[in-house]
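Participant: have a look at this prediction, sequence included:
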Amino acid sequence: MSRKDSQGAVFKALADDRRREILDLLRDEPRTTGELCAHFKKVDRCTVMQHLGVLEGAGLVIAKREGRVRWNYLNVAPVQEIYDRWISRFARPSVELLTRLKRDLK
């Protein structure tokens, strides 16, 4: 998959509230699929698995099996790539402005 396609997949994966909530849960610590399913009480296991599939396809989640248990880990590399390409260049002038403002106020 090209860089352009992979970043498109990341944006699509992040477009859904539940998928972002899954990533928030994984930010704290790796979780089993069962733990993630238990968190979403009004959503069936199949739907949670579909969301995990989209996140895996975008490279945001890495799944590892240990026997019958599937552990899900957050992979922040795709988010960092988007930050580097899209956000950092817009944030830099703001940080420079705040630094100048702080210096001028002193």
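Facilitator: Sure thing, it's come through.

Participant: contacts and neighbour counts: CA atoms only from here.
Facilitator: Will do.

Participant: helices and strands around the helix or strand residue 82 falls within, which ones?
Facilitator: Using DSSP states H and E, residue 82 maps to helix 77-82. Judged by 3 or more CA pairs under 8 Å, 6 or more residues apart in numbering; DSSP states H and E, the packing partners of helix 77-82 are helix 3-14.

Participant: who does the helix it packs on touch, helix- and strand-wise?
Facilitator: In terms of contacts (3+ CA pairs under 8 Å, 6+ apart), helix 3-14 is packed against helix 45-57, helix 77-82.

Participant: which of the residues in that helix are buried?
Facilitator: With burial defined by 16 or more other CA atoms under 10 Å, the residues of helix 3-14 counted as buried are 7, 9-10, 13-14.

Participant: distance from the chain centre to it, please.
Facilitator: The chain centroid and the centroid of helix 3-14 are separated by 11 Å under CA atoms, centre = their mean, to the nearest Å.

Participant: how far is the helix or strand following that helix from where the chain is centred?
Facilitator: Moving toward the C-terminus from helix 3-14, the next helix or strand (DSSP H and E) is helix 17-28. Distance of helix 17-28 from the chain centroid (CA atoms, centre = their mean) equals 7 Å.

Participant: so what touches helix 17-28?
Facilitator: Here helix 17-28 makes contact (CA atoms under 8 Å, 6 or more residues apart in numbering) with 13-14, 31, 36, 51-52, 55, 72-74.

Participant: can you measure across stretch 75-84, start residue to end residue?
Facilitator: Terminal residues of stretch 75-84 lie 16 Å apart, using CA to CA, to the nearest Å.
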